[in-house]
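Novice: Pasting the sequence and the predicted coordinates here, then a few questions.
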Amino acid sequence: MPSAEAAPVRRGGSLRGAGPRRSSDFLEAAGFTDMPLAESAAGPTMRPGSLRGSARGRDLDSLAHTLFLRIYPVIAVVVLVTQIGIAWVNYSDQIRLYTERAKLLAALTASAVARPDWSTRPEIYRHQVQALTLDPAFRAVVLRNAAGAVVMSLGDMPRGRSWDMVVAQADLSLPSEPKPVGHLTLAISAEALRGNAEKQAILALVTSLILMLAFVLTLHANVRAHVLAPLKRLLLAMREVEHKNWVTVESGARFRASNEIDVISQAFNRMVEGLRTGDEAKRLLQELETAHAKLAEANGLVMESIGYARRIQSSVLPDRAALVSTGLEVGVLWEPLHVVGGDYFWLENIDGLGIIVVADCTGHGVPGAFLTLIVATALDRILHERRLRDPVEVLRALDSMVRVQLRQDGRGAVSDDGLDCGICIWDRQTATLRFAGAGLSLTSVTDGTVTRIRGAKNGLGYPRRAGEIFAVDEIVVPTSVETTFYLMTDGITDQMGGERRRLLGHRGVADILMARSHDGLGDQVAALQQALADYRGSEARRDDMTLVAFRPIPQSLSA
């Protein structure tokens, strides 16, 4: 039985369009508990017989009667107003046509009568005026001279405004006279038009009543067949369940998810099934709690393993002070998106050369961290076993070794992974900096000027077509004690935020670095990290972030 504290169904008040539901949906919505033996604190339970009147159909008949009384007046008013509006429009159009015809007849007759001596010899034009009487709607015509005296009249001209008459006037004008020499007034009857309008109104009323009656009867029959009958079956089943007879509702047709009564009936059947099984809901809840405990334990083990993986990855990263002996001041920002990440950097003094490598491997989290271990192992072999010192050769060797490790150098390769990498080699003896990049760029700031030195567009690794060659060039970069260099991954520049919610980009990062270019590199890194957090605001980070900043130490400081 649903408990008083059961959570409400999370779907909307209407079930239309909700679609089929799973058993778990209804169990969760119903919140089954054991059947109480006494009245609960929330209120008295339903007693046997409380549904008897509803099951007999008295309340449902009242519902049908209420629907009939509520719907019929609305439909009647809408239809009648619509028909009256249509009749009025038709009547107005006919009146307009009658008026235009009267004006046309008056104008033609006035034009025929208008002569210089028309008022002295009116009998000459009597035939033209009498021709108006041939119109079945003719009622009266009056000819007046310029002074307003009646010269000729036929019929009885109505006095005042009559709804049965249409009156039109026309002036008798001569080209030689500036003013009209007389006036003609014509009246025609609109009784036929009014009679026709009354017939149309009566016909429209009768038709509307027949249509409304047919509509309401059809609606009433369909409500009884598709609403009241299923509800009666549902109430009868509820009455049986009230007496603990676990019966279900037979819909009599296939289930339709768009029909609310079908959905309610199915929910009722599932509720009955849940009540019949007794402790089913309690058992499911216990299993859920057990599964939740196991999941929490598994999650703890996974997080513990990832935490230990971070210790391993951090131990692989070099010491930040590894290049002090080469005459370089170094600042590092390394912040994975998750506990571990796919960004990696290498700092080492080999044979008096300062070697700086920044790599951005595919993905982040655990997959990216695996790739960083491959990159670290490959760099160690390249620099110490193969003793390569040329940045281009180092990138080419790293590309080859990564592709071999991921089995991307043959057919049927399943790995589509790789990395973007930039390498700088600093020679203190000659004060030269050599750079080569594959997907990464080197940024320098000197006296308020920002320069971006781009590497090759293609990254390292990734399957290639047959015959495709990895192309990368070495760039010798001018150096000075006032120049600061920055090697960073795209996780630094791809910061979404700001008032307009857009990417910060290289230009935005360069502006932040340039504003603090005279500070120590440690302070610059801390300021950059805070500025990026402020720019993002409530936006979440998207990728791992790695930046290595370095600049030559003045001789006075490095002695």
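Specialist: That came in fine, so what should we check first?

Novice: Output the below-cut-off pLDDT ranges for the stretch 451-559 of the chain.
Specialist: 465-469, 555-559 (pLDDT under 70).

Novice: what are the ranges of the strands in it?
Specialist: Counting by DSSP state E, counting those that start in this stretch, one finds strands in the stretch 451-559 of the chain at the ranges 460-461, 475-477, 483-488, 496-497, 502-503, 545-552.

Novice: Dump those strands to JSON lines, plus mean neighbour count and distance to Phe268.
Specialist: Heads up, the C-betas are built off the backbone N, CA and C, glycines and all. Listed next are the strands of the stretch 451-559 of the chain as JSON lines, based on neighbours: other CB atoms under 10 Å; distance: least, CB to CB, whole Å:
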{"stretch": "strand 460-461", "mean neighbour count": "28", "distance to Phe268": "60"}
{"stretch": "strand 475-477", "mean neighbour count": "14", "distance to Phe268": "76"}
{"stretch": "strand 483-488", "mean neighbour count": "24", "distance to Phe268": "63"}
{"stretch": "strand 496-497", "mean neighbour count": "16", "distance to Phe268": "49"}
{"stretch": "strand 502-503", "mean neighbour count": "12", "distance to Phe268": "53"}
{"stretch": "strand 545-552", "mean neighbour count": "24", "distance to Phe268": "56"}
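
Novice: among these, which is nearest Arg454?
Specialist: strand 475-477 (9.0 Å; CB to CB).

Novice: which residues are in contact with that closest one?
Specialist: Contact with strand 475-477 is made by Cys424, Thr432, Leu433, Arg434, Phe435, Ala436, Leu442, Ser444, Ile453, Gly455, Phe485, as judged by CB atoms under 8 Å, 6 or more residues apart in numbering.

Novice: Stretch 361-379 now?
Specialist: 306, 309, 313, 316, 336-344, 346, 357, 359, 394, 397-398, 401-402, 405-406, 416-419, 421, 461, 543-544.

Novice: Would you confirm that Ser153 contacts Arg139?
Specialist: No. With contact defined as CB atoms under 8 Å, Ser153 and Arg139 do not form a contacting pair (11.7 Å).

Novice: before we move on, back to that, name the nearest of the contacts of strand 475-477 relative to Ile492.
Specialist: Leu442 (13.3 Å).

Novice: List the strands paired with the host helix or strand of that closest one, with their directions.
Specialist: Leu442 belongs to strand 441-446 when assigned by DSSP states H and E. Strand 441-446 pairs in its sheet with strand 449-454 (antiparallel), strand 483-488 (antiparallel), by DSSP bridges.

Novice: Please produce TSV containing those, extended by distance to Arg126.
Specialist: Shown next, in TSV, are these (distance: least, CB to CB, whole Å):
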stretch	distance to Arg126
strand 449-454	107
strand 483-488	110
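
Novice: Indicate which one of those strands is closest to Arg389.
Specialist: Nearest of these (CB to CB): strand 483-488, 17.8 Å.

Novice: Mind telling me what element Gly354 is part of?
Specialist: Using DSSP H and E, Gly354 falls in strand 353-361.

Novice: Check the average confidence over that strand, would you?
Specialist: The predicted model gives strand 353-361 an average pLDDT of 95.

Novice: switch to numbering from 24
Specialist: From this message on, residue numbering opens at 24, which makes the last subject strand 376-384.

Novice: Mind exporting the C-alpha coordinates of that strand to PDB?
Specialist: Presented in PDB, the C-alpha positions along strand 376-384 are these (Å, rounded to 0.1, in the frame of the first residue of the first chain):
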ATOM      1  CA  LEU A 376      72.000  21.800 -22.200                       C
ATOM      2  CA  GLY A 377      68.700  22.700 -20.600                       C
ATOM      3  CA  ILE A 378      66.000  20.500 -22.100                       C
ATOM      4  CA  ILE A 379      62.400  21.500 -21.700                       C
ATOM      5  CA  VAL A 380      59.500  19.300 -23.100                       C
ATOM      6  CA  VAL A 381      55.800  19.900 -22.800                       C
ATOM      7  CA  ALA A 382      53.400  17.200 -24.100                       C
ATOM      8  CA  ASP A 383      49.600  17.200 -24.300                       C
ATOM      9  CA  CYS A 384      48.400  13.600 -24.700                       C
END
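
Novice: mind listing what Ala125 touches?
Specialist: Neighbours of Ala125 in contact, by CB under 8 Å, 6+ apart: Val189, Val190, Ala191, Leu209, Ala210, Ile211.

Novice: Phe291 and Arg247, how far apart?
Specialist: 21 Å (CB to CB, to the nearest Å).

Novice: Look at those two and report which has more neighbours.
Specialist: A count of neighbours by other CB atoms under 10 Å puts Phe291 above the other of Phe291 and Arg247, at 17 against 14.

Novice: And the pLDDT at the more buried one?
Specialist: 73.

Novice: show me the contacts for it.
Specialist: Counted by CB under 8 Å, 6+ apart, Phe291 has contacts Leu257, Ala260, Met261, Thr271, Val272.

Novice: okay, now the second one: neighbour count?
Specialist: When counting by other CB under 10 Å, one arrives at 22 neighbours for Ala260.

Novice: The first one now?
Specialist: Leu257 is flanked by 19 other residues according to other CB under 10 Å.

Novice: what's the lowest-pLDDT member of the contacts of strand 498-500?
Specialist: The minimum pLDDT among the contacts of strand 498-500 falls on Gly478, with 89.

Novice: count of neighbours near that one?
Specialist: Gly478: 24 neighbours (other CB under 10 Å).

Novice: any idea which helix is longest in the chain?
Specialist: helix 81-136 (DSSP state H).

Novice: chain center to that one: distance?
Specialist: Chain-centre distance of helix 81-136: 44 Å, with CA atoms, centre = their mean, to the nearest Å.

Novice: Determine the next helix or strand in the C-terminal direction from it.
Specialist: Helix 81-136 is succeeded, C-terminally, by helix 149-153 (DSSP H and E).

Novice: Now do the same for that following helix: mean pLDDT, whole number.
Specialist: The model assigns helix 149-153 a mean pLDDT of 80.

Novice: So which other helices or strands are in contact with it?
Specialist: helix 81-136, strand 173-178 (3 or more CB pairs under 8 Å, 6 or more residues apart in numbering; DSSP states H and E).

Novice: which is the next helix or strand following it?
Specialist: Going down the chain from helix 149-153, the next helix or strand is strand 161-168, by DSSP H and E.

Novice: list the buried ones in that next one?
Specialist: Phe161, Arg162, Ala163, Val164, Val165, Leu166, Arg167, Asn168 (16 or more other CB atoms under 10 Å).

Novice: repeat for stretch 404-415
Specialist: Ile405, Leu406, Leu411, Arg412, Pro414, Val415.

Novice: Hmm, Ile373 and the second one touching each other?
Specialist: So the one you mean is Leu406. Yes. Counting by CB under 8 Å, Leu406 touches Ile373, with 6.1 Å between them.

Novice: Parallel or antiparallel, which strands does the strand holding Gly377 pair with?
Specialist: Sheet pairing for strand 376-384, using DSSP bridges, gives strand 366-373 (antiparallel), strand 441-450 (antiparallel).

Novice: Give the next helix or strand downstream of that strand.
Specialist: Next along from strand 376-384, by DSSP H and E: helix 388-403.

Novice: Between the two ends of stretch 486-495, how far is it?
Specialist: Chord length of stretch 486-495, first to last residue, is 17 Å (CA to CA, to the nearest Å).

Novice: now the closest residue to Gly178 other than its chain neighbours: how far from Ala556?
Specialist: Spatial nearest neighbour of Gly178, excluding adjacent residues (CB to CB, 6 or more residues apart in numbering): Ala163 at 3.3 Å. The gap separating Ala163 from Ala556 is 96 Å, by CB to CB.

Novice: what do you get for Thr474?
Specialist: Counting by CB to CB - Thr474 and Ala556 are separated by 27 Å.

Novice: coming back round to it: could you name the stretch from the helices and strands packed on helix 149-153 that's closest to Glu562?
Specialist: When these are compared by CB to CB, helix 81-136 sits nearest Glu562, at 51.9 Å.
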